[in-house]
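# predicted model and sequence follow; I will ask about them next.
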Amino acid sequence: MTSRVRRRLVAAAALLPVIPAFAQSRGLTCGERTAAQTAGPFFTPDSPRRMSLLEPDAKTGRLVLTGTVLSAQCRPVAGALLDFWQADEEGRYDNSGYRYRGHQFADAQGRYRLETVLPGEYPGRTPHIHVKVQAPGQRVLTTQLYFPGHPRNRRDFLYRAELEMRMAQPGTGEFDFVVEA
Ligand code: FE
């Protein structure tokens, strides 16, 4: 390696922490791509476009989930597709229709907002929310989000701490996705 190349590499490495630090100062996390997880058996394509999955008969236990879709370079991904699906309050998936299924597009700042209910438990799993996230024209990230401190997390075979939402108050969750963009 020539000293010129080495100097350039050192200069580039010195710049790398700057962008994530800036993003973190705005409450964003980025750098590493969000971990992928299985879609499981209950994904249904062509969900309706909507930001609220709340049903007229929705019971208590609402959840407002917000966040930003970012590239690994910490740039907001305007227009990113987010397709959410989850179990209802009783832990049941709607496999014939679209209850608790919906897609939306992130705004110009890469932000999204989902209104839904807290998903119920179902056998073998800790509560979670499924999602597919895709920057325009890029590969789809499929993953799942988890609830901090839920007693079943520890015994769940798919749970990962890095996929926990931040929940500063009950009923509000935050999660930033980092995707290929
Ligand atoms: Fe599931």
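Yes, it's here.
# can you give me the strands for this protein?
62-71, 81-85, 101-105, 111-117, 128-134, 141-146, 166-169, 172-174, 177-179 (DSSP state E).
# what about residue 75, neighbour count?
Other residues near residue 75 come to 14 when the count uses other C-beta atoms under 10 Å. Placement of C-beta: from N, CA and C, glycine included.
# how about the contacts made by it?
By C-beta atoms under 8 Å, 6 or more residues apart in numbering, the contact set of residue 75 is 110, 181.
# ok, it to residue 107 distance?
Noted for residue 75: a distance of 14 Å to residue 107, by C-beta to C-beta, to the nearest Å.
# my guess is residue 85 contacts residue 47. True?
Yes - at 6.8 Å, residue 85 counts as touching residue 47 under the criterion of C-beta atoms under 8 Å.
# more neighbours, those two?
Neighbour totals were compared for residue 85 and residue 47, and residue 85 leads with 24 against 18 (other C-beta under 10 Å).
# for that one, name its beta-bridge partners.
Assessed by DSSP bridges, residue 85 has beta-bridge partners residue 101, residue 130.
# residues in contact with it?
42, 43, 44, 47, 93, 100, 101, 102, 129, 130, 131 are the contacts of residue 85 under C-beta under 8 Å, 6+ apart.
# buried residues, stretch 164-171. List them.
By neighbour count on 16 or more other C-beta atoms under 10 Å, the buried set for stretch 164-171 is 164, 165, 167.
# can you tell which of the strands of the chain is closest to residue 35?
Residue 35 lies closest, by C-beta to C-beta, to one member of those: strand 141-146, at 6.4 Å.
# may I see the buried residues of stretch 72-85?
72, 74, 76, 77, 78, 80, 81, 82, 83, 84, 85.
# on that earlier part again, is it possible to export the contacts of residue 85 to TSV including pLDDT and distance to residue 123?
Formatted as TSV, these follow (pLDDT from 0 to 100; distance: C-beta to C-beta, whole Å):
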residue	pLDDT	distance to residue 123
42	97	13
43	98	19
44	98	20
47	98	24
93	98	12
100	98	18
101	98	21
102	98	25
129	98	18
130	98	17
131	98	22
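# can you redo those residues as a markdown table with distance to residue 152?
Conversion of the contacts of residue 85 to a markdown table gives the following (distance: C-beta to C-beta, whole Å):
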| residue | distance to residue 152 |
| --- | --- |
| 42 | 18 |
| 43 | 22 |
| 44 | 25 |
| 47 | 26 |
| 93 | 17 |
| 100 | 19 |
| 101 | 23 |
| 102 | 25 |
| 129 | 14 |
| 130 | 16 |
| 131 | 19 |
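# before we move on, the earlier item: joint contacts of residue 85 and residue 47?
Joint contacts of residue 85 and residue 47 (C-beta under 8 Å, 6+ apart) are 101, 102.
# do you have the helices of this protein handy? List them.
Secondary structure of the chain (DSSP state H): helices at 3-15, 18-25.
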